[in-house]
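1. how does the following fold in three dimensions:
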Amino acid sequence: MTHRFFEGKDHASIYQKYRFAPPDEVKDILLRYLDEKKGQPHVLAVDLGCGTGQTTRLLAPHFKEVVGIDISECQLEEARAVPGFSNIEYRKGRAEELPFSDGSVDLVTASAAAHWFDHSRFLAEANRVLKPRGCIALLSYTNQNNSLSYQNCGEQLNSLYEEVKQLLMPYTSNIPEAQCNSKLEELYSAIPFPDKERIETEVKSFITLKNLVGFIETLSMFQTYKEKDPQAANDLLLNTEKRFLDEMGVTSPDTEIEWTMEYFCVLASKPK
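-> This is a model prediction of the structure:
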């Protein structure tokens, strides 16, 4: 059964503002795999669970056409509002019912979204629409093995961030988030193509404290918490920012923190 989150207008707006595209290191893994397994030309990529289009836009320079598909019209409205991408089309739809003809797609991808899909139905559709040697690329990060660093207070920052995650953990009870932390092991095993692999990498980047707190706000478990207790959820964000500022000894939420994240790519190529 497909899970439905991220559909509200307010959540979509926050998602557009604070969610980030996969880093170039991960994008390059995907493109190298596609070049090796299928080769040029790269005509059509389909980005499933595209949300507000961060990954869709990342792929646009590398394909003749990119179609982003999401269940949420509010998310798609945010995506369509971003100018400058004439080869992108956004459509409302599901990963399990793809509006493409048999053997017409070069790449089926999803970024931090595949854990929501009905695996068997999604894989059947991917197999149907992909060209021979076309590829599946499922990208995500885990909420484990990530670390924050700022001067000499990295341990304290990681402890604070872990405290927030633990507070929100009870609100993941109906969410298949554990599949992400297992690096989509169950879905990987179910892929019927013999040519498949999983690549993992650590990526260091910088994020402002403001954007880190905004990222927490985008999480489905935070949104579930907010639905149950809006005031407590708002207080959590404010207190988290204040505690980070105090620990870092700074006053500006625009201060940058180094963030090391663990990413993985589940890759597979359809047989000829």
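
2. for residue 92, give the beta-bridge partners.
-> residue 70 (DSSP bridges).

3. relative to residue 79, how far out is it?
-> To residue 79, residue 92 is 11 Å away according to C-beta to C-beta, to the nearest Å. For glycine as for every other residue, the C-beta is placed from the backbone atoms N, C-alpha and C.

4. next: residue 73.
-> Distance from residue 73 to residue 79, counting by C-beta to C-beta: 10 Å.

5. neighbour-wise, which of these two wins?
-> residue 79 (25 against 13; other C-beta atoms under 10 Å).

6. just the pLDDT for the more buried one.
-> pLDDT for residue 79: 93.

7. check contacts around the residue lying closest to it once chain neighbours are set aside.
-> Once flanking residues are discounted, residue 79 sits nearest to residue 53: 3.4 Å by C-beta to C-beta, 6 or more residues apart in numbering. Residue 53 sits next to 47, 68, 78, 79, 82, 88, 90 when contact means C-beta atoms under 8 Å, 6 or more residues apart in numbering.

8. name the residues contacting each of residue 92 and residue 79.
-> residue 70.

9. mind listing the strands in the protein by residue range?
-> 44-48, 65-70, 88-92, 105-111, 130-141, 147-149, 195-208, 256-269 (DSSP state E).

10. helices or strands next to the shortest one in the packing?
-> For strand 147-149, the helices and strands in contact under the criterion 3 or more C-beta pairs under 8 Å, 6 or more residues apart in numbering; DSSP states H and E are helix 154-168, strand 256-269.

11. what about the first one, average pLDDT?
-> Here helix 154-168 scores 94 as its mean pLDDT.

12. so what's the residue count around residue 32?
-> So residue 32, with other C-beta under 10 Å, has 12 neighbours.

13. correction: the previous question concerned residue 266.
-> Neighbour tally, residue 266, other C-beta under 10 Å: 21.

14. for the one 3 residues further on, same thing?
-> Burial of residue 269 is recorded as 22 neighbouring residues (other C-beta under 10 Å).

15. ok, back up a step: right, and the helices and strands packed on strand 147-149 - which one's nearest residue 204?
-> Residue 204 sits nearest to strand 256-269 of all these, at 5.0 Å, using C-beta to C-beta.

16. mind listing the strands that closest one pairs with, and their directions?
-> In the sheet, strand 256-269 lines up against strand 130-141 (antiparallel), strand 147-149 (antiparallel), strand 195-208 (antiparallel) (DSSP bridges).
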